[in-house]
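Novice: no sequence for this one, just the structure:
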């Protein structure tokens, strides 16, 4: 088992630390499955640093505060060659060198990652491996938050470092590593797609997304968003430099198995310093993660100590911040795009402008509220930035003698520009949406969701097949899947007789999927797997659900006003009625057995906190809901009972503060059985 763990750790480092995998995903997954099987057979041999233990434990109720070994200070900034030259001159003067003598001071240049700073603490027993003990956020620089459970989910963070590696890297048994947590751009874009699909506002930039993720109270959610950790400091337990040269520290971290940014260089000559900065600015658009400058540190720890600190920053390091990538151009028009989730996004059509190595001719305006905030008119001149260096966005309207104002007000359309359906805007939200599940703009997303494993489970209907079906006009509605023929499928690329027959069999089999799966498959906003199940059990048929009023919908557990409104908006769309009738004609299941209601806890709201002795939270929640009660995630004056177990946190304190009754597991069982 230990040999297998070490093999997996090695391949994790190759993949997540060096971006140089030697195994296919399938082979890596096979190793992990083998280890999980062995650990299931021998649970007494499971170790906390095992690769299988990255995600574990129950959601936290808050983060403990931890003092840093030494302050995590911010850096002073420079934004021009002249300012950097002045800083270099001050460093040499304070270090006792003449401005003309550049041979003694060496700098280490590293890309300035745009994420959040993190301190990782490692410890070990004498002669053994070092283990991750604690991960602490920067916080206010003096005190941070203990987010160890979330840090453990980051695959580029070693959970343990072998005794041999410690010796090779010349690291002591206990030490501290400081670095930056970042969210790669691919993970950021994927997360925003998922947020928009769930009706949530997209994150502003990868840095905010990473910071929000690392402070999420559920490690499982953190694990789903691939964060990376780049190490840049190695310290003793008391916060002193472990190495006399910063360049040596970085090499030691690489040897120990940490991910260290490969774009780094030790430089003595000032002209080479500027050349490094310029190259970094050119490369930033192609890195796959955000940088907003270059960090320049004095290499020698002895010189660092001699230079010391100002009140808020080290004198021996500086951040050269890149200027925003922006340009001024004219808004020729404003068009509306319909996204894969049905969201309508206004887009500025621009006179092409060159920004940061790319010609920009369109820029997002996000929503109607943003247009109002900017006071934007068609014909205005605007400042455009490449937001997060990825998505061009309009920052402000420019008005001066060289840039006169436009004269045409933009009006949001009342109907979808793609399918003509009436668009909806829910009260309290900023976005307009097309709710037609068969709208061509969102049909690929609708089909992929409909066929997913946890929905209608049509195996073989992947993105490549769906795109071909749509591009060739064979499918113009979700319901058209059920009239697909063998001849049609055989005409697609990479589809042979056996594959076509298997796919037709899967489509036919999906007709027997229960009503809750059909409801989930329709892609109604906010209606996930659990809500679809509750709706099917409550109403018993598609027809009864379609006829339900807002009040009737809100009586269903977990269906609040926003969810009820989204359901009504979906069924009020005429084209969705057509889709449902086509699915009915195709023979899908439109009825379900209604849930037998129990009323012991009818109308009561419960909050669960801590660890119960026998019931998991999921089991307790299921029992409460089966008895007619409702489970909430937060305590308020409307809460009837808080069910508290061991290690109950802030929710228990809130209950006592508000005078809410507190039960233990035995008390809950007594209520359920009464």
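Specialist: Great, that's in hand. Given the structure is predicted, the values throughout are model-derived calculations rather than measurements.

Novice: hang on, residue 417 is in a strand, isn't it?
Specialist: No. Assigned with DSSP: H, G, I helix; E, B strand; the rest coil, residue 417 falls outside any strand and is coil.

Novice: the strands in the stretch 251-400 of the chain, which residues?
Specialist: Using DSSP state E, counting those that start in this stretch, the strands found in the stretch 251-400 of the chain span residues 264-267, 291-298, 317-321, 326-338, 343-355, 358-364, 381-387, 391-398.

Novice: let me have those in a markdown table, adding distance to residue 548 and mean pLDDT as columns.
Specialist: All C-beta spots, glycine's among them, are computed from the backbone N, C-alpha and C. Putting these into a markdown table (distance: least, CB to CB, whole Å; pLDDT from 0 to 100) gives the following:
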| stretch | distance to residue 548 | mean pLDDT |
| --- | --- | --- |
| strand 264-267 | 61 | 94 |
| strand 291-298 | 51 | 94 |
| strand 317-321 | 56 | 94 |
| strand 326-338 | 28 | 92 |
| strand 343-355 | 25 | 89 |
| strand 358-364 | 37 | 83 |
| strand 381-387 | 41 | 83 |
| strand 391-398 | 39 | 87 |
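
Novice: can I get the ones you listed in CSV including mean neighbour count?
Specialist: As requested, these are exported to CSV (neighbours: other CB atoms under 10 Å):
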stretch, mean neighbour count
strand 264-267, 16
strand 291-298, 22
strand 317-321, 21
strand 326-338, 17
strand 343-355, 18
strand 358-364, 16
strand 381-387, 20
strand 391-398, 18
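
Novice: what are the buried residues along the strand or helix carrying residue 544?
Specialist: Element membership for residue 544 (DSSP states H and E) is helix 542-546. Residues of helix 542-546 classed as buried: 542, 544, 545, 546 (neighbour count, 16 or more other CB atoms under 10 Å).

Novice: the first one contacts residue 580, doesn't it?
Specialist: Yes. Counting by CB atoms under 8 Å, residue 542 does reach residue 580; the two are 6.6 Å apart.

Novice: who's in contact with the helix holding residue 544?
Specialist: Contacts to helix 542-546, defined as CB atoms under 8 Å, 6 or more residues apart in numbering, come from residues 515, 518-519, 535-536, 539, 567, 571, 577, 580, 584, 590-591.

Novice: could you rerun that using 6 Å?
Specialist: 535, 539, 571, 590 (CB atoms under 6 Å, 6 or more residues apart in numbering).

Novice: of the residues you listed, which belong to helices?
Specialist: The helices, defined by DSSP state H, take in 535, 539, 571 from those.

Novice: contacting residues around the second one?
Specialist: The contact partners of residue 539, taken as CB under 6 Å, 6+ apart, are residue 545.

Novice: quick one: the strands in the stretch 51-200 of the chain?
Specialist: With DSSP E, counting those that start in this stretch, the ranges of strands along the stretch 51-200 of the chain come out as 65-67, 77-78, 107-113, 116-123, 130-137, 143-145, 160-161, 175-182.

Novice: the first one packs against which elements?
Specialist: In other words, strand 65-67. The criterion is 3 or more CB pairs under 6 Å, 6 or more residues apart in numbering; DSSP states H and E, and the helices and strands that strand 65-67 contacts are strand 143-145.

Novice: what's the strand it packs on packed up against?
Specialist: Against strand 143-145 (3+ CB pairs under 6 Å, 6+ apart) you get strand 65-67, strand 130-137.

Novice: hey, which of those is tucked in deepest?
Specialist: Of the helices and strands packed on strand 143-145, the one with the most neighbours on average (mean count of other CB atoms under 10 Å) is strand 130-137, at a mean of 21.

Novice: and the contacts of helix 542-546, which is closest to residue 611?
Specialist: residue 535 (31.4 Å; CB to CB).

Novice: and that closest one, how many residues sit next to it?
Specialist: 28 (other CB atoms under 10 Å).

Novice: quick one: contacts for it?
Specialist: Contacts of residue 535 (CB under 6 Å, 6+ apart): 519, 545.

Novice: and stretch 625-640, average pLDDT?
Specialist: Stretch 625-640 shows a mean pLDDT of 85.

Novice: report the distance from it to the chain centre.
Specialist: Centre-to-centre, stretch 625-640 and its host chain are 29 Å apart (CA atoms, centre = their mean, to the nearest Å).

Novice: surely residue 563 touches residue 526?
Specialist: Yes. Taking CB atoms under 6 Å as the definition, residue 563 is a contact partner of residue 526 at 4.5 Å.

Novice: who has more neighbours, these two?
Specialist: residue 563 (21 against 17).

Novice: next, the more buried one: secondary structure please.
Specialist: Recorded secondary structure, residue 563: helix (three-state DSSP).

Novice: of the helices and strands packed on strand 143-145, which is nearest residue 320?
Specialist: strand 130-137 (25.0 Å).

Novice: now do that closest one: which elements does it pack against?
Specialist: Packing partners of strand 130-137 (3+ CB pairs under 6 Å, 6+ apart): strand 116-123, strand 143-145, helix 148-151.

Novice: centre of the chain to that strand, how far?
Specialist: In terms of CA atoms, centre = their mean, the centre of strand 130-137 is set 22 Å apart from its chain centre.

Novice: what residues does it touch?
Specialist: 49, 66, 119-124, 144-148, 151, 159-161, 166.

Novice: and the residue nearest to residue 148 when sequence neighbours are not counted, how far is that from residue 157?
Specialist: Nearest in space to residue 148, with sequence neighbours left out and distances taken as CB to CB, 6 or more residues apart in numbering, is residue 135 at 4.7 Å. Noted for residue 135: a distance of 8 Å to residue 157, by CB to CB, to the nearest Å.

Novice: which residues do the two both contact?
Specialist: residue 151.

Novice: where does pLDDT dip in the stretch 1-150 of the chain?
Specialist: Low-confidence segments of the stretch 1-150 of the chain (pLDDT under 70): 15-19, 25, 55-62, 97-103, 126-127.

Novice: quick revisit: TSV for the ones in helices among the contacts of helix 542-546, including pLDDT and distance to residue 219?
Specialist: Listed next are those as TSV, based on pLDDT from 0 to 100; distance: CB to CB, whole Å:
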residue	pLDDT	distance to residue 219
535	94	30
539	94	36
571	95	37
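
Novice: quick check, nearest of those residues to residue 362?
Specialist: Taking CB to CB as the measure, residue 362 lies nearest residue 571 of the ones in helices among the contacts of helix 542-546, at 34.6 Å.

Novice: what bridges to the residue nearest to residue 148?
Specialist: Counting by DSSP bridges, residue 135 is bridged to residue 120.

Novice: switch to numbering from 266
Specialist: Right, with 266 as the first residue, what we last looked at is residue 400.

Novice: how far away is it from residue 416?
Specialist: Remark: distance between residue 400 and residue 416 (CB to CB) = 3 Å.

Novice: in stretch 435-448, which residues are buried?
Specialist: By 16+ other CB under 10 Å, the buried positions in stretch 435-448 come out as 436, 438, 440, 441, 442, 443, 444, 445, 446, 447, 448.

Novice: ditto for stretch 795-803
Specialist: 796, 797, 798, 799, 800, 801, 802, 803.

Novice: ok, and the closest non-adjacent residue to the last one?
Specialist: Nearest-residue entry for residue 803: residue 821, 4.8 Å, with adjacent residues in sequence omitted and distances by CB to CB, 6+ apart.

Novice: about what we covered before: and the buried residues of stretch 795-803 as a markdown table, adding distance to residue 510?
Specialist: Formatted as a markdown table, the buried residues of stretch 795-803 follow (distance: CB to CB, whole Å):
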| residue | distance to residue 510 |
| --- | --- |
| 796 | 58 |
| 797 | 60 |
| 798 | 61 |
| 799 | 62 |
| 800 | 64 |
| 801 | 66 |
| 802 | 66 |
| 803 | 68 |
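
Novice: quick revisit: tell me how far the residue nearest to residue 413 lies from residue 812.
Specialist: Distance, residue 400 to residue 812, by CB to CB: 52 Å.

Novice: over to residue 784?
Specialist: 14 Å.

Novice: before we move on, the earlier item: format the strands of the stretch 516-665 of the chain as CSV; extra columns: distance to residue 289.
Specialist: CSV is the format used below for the strands of the stretch 516-665 of the chain (distance: least, CB to CB, whole Å):
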stretch, distance to residue 289
strand 529-532, 30
strand 556-563, 30
strand 582-586, 40
strand 591-603, 37
strand 608-620, 36
strand 623-629, 34
strand 646-652, 35
strand 656-663, 32
